[in-house]
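Student: kindly generate the corresponding structure for this input.
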Amino acid sequence: MADMAASRGSVQSSTAPSPELVATSLVESLDCDTRPTFVLDVAQRASVHSAAIVYRNTPFRDFEQSLEQDEARAHSTELRNATVAFFAWAGSDSIDLVNFRDALWSAFTIKGRWRVISGIISKGYQRPNTTPSSLGRELDTDYIERNPSTPLRTPSRRNSARCHFYPDRPIPHLDLIRGHRWHDTVLGLIDTWSPTLQHAVQFCLSNPAPSAVFTSPERIMVYNEAFCPLIGSWHPKLIGRSLKTEWDFWPHYENICLEVEATKQAVSVVAANGPLFERNGFLQETFFTFDYIPIFDQVGNVIAVCDQATDVTQDMFARGRMKMLQMTSDIATPATTLRNFWDTTLRILEDSDGDLPLASIFLVGDEVTLHSSTGQDENAENIETWTSKGSYGFPQVQTLTLDSWNRSDPQGFKSVMRSAIGNNLPTVLRSGDKHFPAEYLTHCGHKGHPYKTLILCPLRSASGMGVGCLVLGINPLRPYDDDYQHFIQVMARQIEDAHNLVIFIEAQAKLLRETMQEAATRQRILAEQLEQQTRKAQEAAVRFMSFANQAQVGVFVLDTDGSVRYCNDTWRHLMNLTKGEVNDPEHKHSWRPHIHPDDYMLVEEQWGLLIGGMPQESFEFRVMHPSAGPNDEGKTVYLRSSCVPEVDDGGIMKTITGILVDRSLEVIHEQATTARMEAALEEKRAQEYFMDMTSHEMRNPLNAMIQCAEEALEIIDQIRDAGQPSEALSVLVKDCITVTRTILYCGRHQKQLIDDVLTVSKLDANLLTICSVPTCPESVVRQAVKMFQMNMKAADVTWDTRVESTDILKTEQNTVLMDPGRVLQVLINLISNAVKFMKDQPERRLLVVLSASSDKLLCPNINYISSGRERAEPEVSTSWGQTEPVYIHFSIQDTGPGLTEQEMHALFARFQQASPRTHAQYGGSGLGLFISRELTELHGGAIGVASTVGKGSTFAFYIKARRLVGGDLALHESSHIRRKSLDPEPLHPQLTSSPPFAGPTSVPSKTKSASGAALPARPSYDLGVLIVEDNVVNQQVLERQLRKLGCRVTTANHGQEALDALQTSTWWKGPAISGDTDSYAFSVILCDLEMPVMDGKTCVKRIRQWQRDGSLHSDIPILAVTGNARVSPDVAREWGFDNVVSKPFSVKSLLPLFESLARDDDNESIAEGIGNVFLAPNDSN
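Tutor: Below you'll find the predicted structure:
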């Protein structure tokens, strides 16, 4: 009791009711009341004992439900009667207390109308899930008479022994109250107490919290059973005793009671420490808050004071621990060094409100060495050196050492700390444990109670290394429960984190100091380097100025306004300026007037770019310089300038720095070189023009000569076949045949020479290209052999052809994509050479072999001779396709004289033959093999030779082609008919030939020979041909031959006449030409290129324009005829022609092409036909 008295704190008196409290409604108050309460409106009752329930709070609703459930289960008349009697009492004006259903009920009336009834439950009940409504009904005397019940027991003097306080059953503490000799007190018997006092006492006894009632003014004390531990040994002596006389500590509390009576308001006392309670087998300190509440009588006088105690022990613990954690979390804020960190930590721990009455801190080894280490933990079992950083709560004042903790077993306590550090978990050491330092802690404790528990909390660094141990003494009067444990763990972690933070801060401070020292050192070094660089820059500036002043190029620095800041003498001389002009401030732009007028805008544009910050690599301009030279260019100096803008750190332009180089001599050399190049090009153009004109002029008579010879042979053949001529006529015919064939041979020889020269010229000009079309390689070989059949028969040469077995030549109708004209040209050259060189050999045999492969697969023993130049792949041609490549191999074997090694090395060169005697014995120009090598390489292949002297030679070559697939097959089908007109029987029985071309329609002719015999019938071609040719001889020869073949021929001497003829033809659908009644009908136009009045190119352009304008019914096939072999089919198509034919040409070979042009406009088919026309010599007999 003395402890309780000493622990009472300051008194807090309530003030006068605030307006908010006064404005609080009754219903709001009753809603917050935990007691079952309901309100009756007595103004509406029908009789004295009936009233309506107008309000129920939640606890009363629960009470109603419990009552209803009990009635439903028990079916008891007595219970029902008691309920009826209770509500009858509630509706009356009685102020007596009533005990009903283990609750003490009281009632009071507000403003004469609202009767408030509330009860104090002394026995718990289960709260229902629903709220009953059966009790919300009117109670009146008729209801009571109809439902007889046992009257309620109202307190009275006659039955006080049975009705003093409730519940009405034996309870030890209530028995003490009931059995007290109240008649010996100033209060008298309980029956004589006022209802208010009885109600207050009943409330006190029923309250589960510790509470007591002090009557006024004697301070007679009545308390409940929960209050007994607060007074300790004074129980039960203080029951019914006056505290003024019986308790020595009462004067302090008397002042509180007097304050309550004076203010008529409750007073709260916040206690620091309560009495020690024995809980869970040991004493524990407690904390309570005491509320002193006045009890009023009916007139408002304070007749007693109710003292209610609230246990706030756990709240006090929680607040104290939370405060401690807040303080430990801020340890590192004031602690800036490790020197005062631990002192600050111990000072905070000591102010722990009793949770940590004892503490000591030990670190592993020397702290300086510890914090400078960056390694891992050493073995915890090997820790021997410990340093104490301070402690509190111990009897000794001097600095503690670890050995003083347990003198009898110092190593044992060290082992416990080593174990805690090793496990990294708080270790609990209790009294009675082997290593507990009981000897050292004998004379220290908390409130006289010795320490029984120590907690060893390991401390670790940020790297996880153990640094020490925090030893804490636990308050022996507080339970070491989960909250206590959690508090110590969190606090230890916060101390550990704060310690690591201080270490980090010191390390950062040290690093900052070192960084500042390093920065100062670096700044000093930079200052020294700056001084050196400045000195070097000054020296460099001096050297630069010396160089610039002596340099042979102009060096200058200009301001942004164009004024000269610096220039050397060379620049001043190049710009034709004097020193006075440069230094004259009134003429800042003295250099601008000297710029050539044609270059002035260029210089201004470049200057604007420089001012805009864009660096220019270089630009050229001219300066007017009267003293430059003797000629017109000498008045102008050609200069090249390179400039760089210089800007400051803010991006502002400062100056323009640059150099100026005199390139007048370079320009003179360039002009001379350009002049020589133009002269060379003009010379080359003139040479080419000469070659073209020469070729044209040579081919024109050659064309007429060959065609006349062919016509003569035909006439002679017709005469010979017409009948049996005379002997003399036969001799003349034979002589004519011999002479005519000689003319044909010479003409063809001349044509071959011209073609070789033109081919070489095309090769030199890179004008020769590959045009790939669907082609049967076997037919090309047959065509080449057929051309030389007559020559080989005449020379008694035995020939044979062979196709080696290959799958490639057995698919897709034996057709690949290649250029048949170029391949045929190579075969003609090689077969021609073979026949020529075998004429003097006793054995004359020729073998042509054709094969194919998927790779190059070079022929064995063949020495392939390359030109050494890189060739573009033929794939660049749009006609080449993108299918799989194949390689076609050709070889020509002869039994000629053979070649030596030296002779073979001389082959394939321009204008070179095997030996000087070759030309003397066999003739030739030395271009055939050179052209053959160029053509094979253009076609992606190569050519070579193998030879043995006296046994013969083998010339072999291959070309790169592509397989024929997809859309190429249709092209092949449309063109193979025209190829078959040239194909003899197949070379090999395994190869299948296509059906022969039907050819022109044969019309019987009535022509007769000179002897009167009918000449044989000749084929007739129903074609209309317009010949546009300025050479009258060629025009007449061609017209005559075409008419003999059945063609309808119209002639024109130049392009204008051709246009006039076209306007009167069946093609024309424009305005009719007045006066013309004849209408020409022709299927194709054969047009020369070089003509007077209007050439062929102009003519074809006019015709194609008419087609676009709709003046012609459809496209007219037009074939260009020229003696200039440089004109390629592609160029002719660009001009508007369908194709081109080079003079000389065979008329009979031209007719199938005419028919094809008249039948369809298939340009790709035309390409192959044209190639056959102008590459093949005449084959007439």
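
Student: can you pull out the helices in the stretch 1051-1181 of the chain?
Tutor: In the stretch 1051-1181 of the chain, the segments counted as helices under DSSP state H, counting those that start in this stretch are 1055-1063, 1096-1109, 1129-1135, 1147-1159, 1163-1175.

Student: so which of these gets nearest residue 663?
Tutor: When the helices of the stretch 1051-1181 of the chain are compared by CB to CB, helix 1129-1135 sits nearest residue 663, at 41.2 Å. From N, CA and C alone the C-beta is placed, and that goes for glycine too.

Student: that closest one packs against which elements?
Tutor: On a contact count with 3 or more CB pairs under 8 Å, 6 or more residues apart in numbering; DSSP states H and E, helix 1129-1135 meets helix 1096-1109, strand 1139-1142, helix 1163-1175.

Student: go through these and find the least confident stretch.
Tutor: If you rank these by mean pLDDT, helix 1163-1175 sits at the bottom with a mean of 36.

Student: which other helices and strands does the longest helix belonging to the chain contact?
Tutor: Once the chain is assigned using DSSP state H, the helix that runs over the most residues is helix 482-550. Identification of packing neighbours for helix 482-550 by 3+ CB pairs under 8 Å, 6+ apart yields helix 313-329, helix 338-350, strand 453-460, strand 466-473.

Student: stretch 417-430: which residues count as buried?
Tutor: 417, 418, 419, 420, 421, 426, 427, 429 (16 or more other CB atoms under 10 Å).

Student: so the strand or helix carrying the second one versus strand 466-473, what angle?
Tutor: For residue 418, the enclosing helix or strand under DSSP states H and E is helix 410-423. Between the axis of helix 410-423 and that of strand 466-473 there is an angle of 120 degrees, by axes from the mean of the first three to the mean of the last three CA atoms, to 10 degrees.

Student: show residues contacting the helix or strand that helix 410-423 is followed by.
Tutor: Of the helices and strands lying after helix 410-423 in sequence (DSSP H and E), the nearest is strand 427-430. Strand 427-430 is contacted by residues 416, 419, 420, 435, 436, 452, 453, 454, 455, 456, 480 when judged by CB atoms under 8 Å, 6 or more residues apart in numbering.

Student: quickly name whichever of the residues you listed is closest to residue 99.
Tutor: residue 480 (45.7 Å).

Student: figure out the helix or strand that the closest one lives in.
Tutor: Residue 480 belongs to no helix or strand, assigned by DSSP H and E.

Student: circling back to that earlier point, make a markdown table out of the helices and strands packed on helix 482-550 and add mean neighbour count and distance to residue 33.
Tutor: A markdown table is the format used below for these (neighbours: other CB atoms under 10 Å; distance: least, CB to CB, whole Å):
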| stretch | mean neighbour count | distance to residue 33 |
| --- | --- | --- |
| helix 313-329 | 16 | 24 |
| helix 338-350 | 18 | 45 |
| strand 453-460 | 21 | 45 |
| strand 466-473 | 24 | 46 |
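
Student: mind putting those into JSON lines with distance to residue 1119?
Tutor: Below are those laid out as JSON lines (distance: least, CB to CB, whole Å):
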{"stretch": "helix 313-329", "distance to residue 1119": "106"}
{"stretch": "helix 338-350", "distance to residue 1119": "109"}
{"stretch": "strand 453-460", "distance to residue 1119": "104"}
{"stretch": "strand 466-473", "distance to residue 1119": "107"}
